[in-house]
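> Okay, structure incoming, though there's no sequence with it:
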């Protein structure tokens, strides 16, 4: 079945540690996104990528890093510089058609908790 | 970049008709969607919103470009419609079209 897979589903991190969240898609989508959602809040864009080896900062990129070495994969690293990393992280992907995205499909998310 | 929604909650009885609105600030926005998000789950596409308006069963979506808002109408509400409804607008950002989410509107359908 085609889809987006995020792992792990739950992740606990000690303060001062870097952690990497995995996002893989087999939908052959060009664009991939990372969002963060806090309780009672909407989704805020962290990073996005529309082609391999290229990515752009979103609204809240500080303390995060990404890579796009393969079309299928867009891992997110939460660094120790992120002051409040506890949140629900969502990865999404979409195809590009004539320069305008179509709808985005989401993975099941990773809940990160700093302990 | 702003996409605004009334967070609610909208508390309605089964069978009721309920409507949500969403306003957006970027007049160059090109694509519009409604997503549904259940508690502690990922958002899932409910429907796209087209300029001419579109309907999918009990759900009707409309776009008003002049006033820069989109709406979602749910008829004959079911208990299973209880969820958060997210408005999504794609507008230009440095040559790309990036999805921007509203905070969501919470709907509670009670017996």
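In hand now; what should we look at? Predicted model only: the values in this text are computed from it and were never measured.
> Next, the residue positioned nearest the centre of chain A: phi, psi?
For chain A, the residue nearest the mean C-alpha position is residue A:34 (2.7 Å; Cα atoms, centre = their mean). Per-residue torsions, residue A:34: phi -120, psi 130 (degrees, to the nearest 10).
> who's in contact with the nearest residue to it once chain neighbours are set aside?
Nearest residue to residue A:34, sequence neighbours excluded (Cβ to Cβ, 6 or more residues apart in numbering or on different chains): residue A:46, at 4.3 Å. Glycine gets a C-beta too; all of them are placed from N, C-alpha and C. Applying Cβ atoms under 8 Å, 6 or more residues apart in numbering or on different chains, we find residue A:46 in contact with A:34, A:35, A:36, A:58, A:59, A:60, A:61, A:64, A:66, A:76, A:89.
> Could you check how far residue B:83 is from residue B:25?
Distance, residue B:83 to residue B:25, using Cβ to Cβ, to the nearest Å: 25 Å.
> ok, those two, which is more surrounded?
Using other Cβ atoms under 10 Å in any protein chain shown as the criterion, residue B:83 and residue B:25 rank with residue B:83 on top: 21 against 13.
> In its sheet, which strands sit next to the helix or strand bottoming out on mean pLDDT in chain B, and in what direction?
In chain B, no helix or strand scores lower on mean pLDDT, DSSP states H and E than strand B:96-101, which sits at a mean of 83. When pairing is defined by DSSP bridges, strand B:96-101 lines up against strand B:83-93 (antiparallel).
> Could you report the neighbour count for residue B:57?
So residue B:57, with other Cβ under 10 Å, has 9 neighbours.
> Please determine how far it is located from chain A.
18 Å (Cβ to the nearest Cβ, to the nearest Å).
> one step back: in the sheet, which residues pair with the residue nearest to the centre of chain A? Tell me.
residue A:47, residue A:91.
> Quick check: it touching residue A:88?
No - the pair residue A:34 / residue A:88 is not scored as a contact, 11.7 Å apart, by Cβ atoms under 8 Å.
> Listing request: residues of the chain with sub-threshold pLDDT.
Looking at chain A here, since you left the chain open. Scanning chain A for pLDDT under 70 picks out A:1, A:97-101.
> my bad, the chain I had in mind was chain B
B:1, B:94-95.
> Up against chain A, what does it have?
Within chain B, the residues that sit near chain A (Cβ under 8 Å from any Cβ of the partner chain) are B:1, B:3, B:7, B:30-31, B:33, B:40-45, B:48, B:86, B:88, B:90, B:93-94, B:96-104.
> for chain B, what are the nearby residues on chain A?
So chain A meets chain B at A:31, A:33, A:35, A:40-45, A:48, A:50, A:56, A:58-59, A:88, A:90, A:92, A:94, A:99-109 (Cβ under 8 Å from any Cβ).
> repeat that for 7 Å
A:41-43, A:45, A:48, A:50, A:56, A:90, A:100-101, A:103-104, A:106-109 (Cβ under 7 Å from any Cβ of the partner chain).
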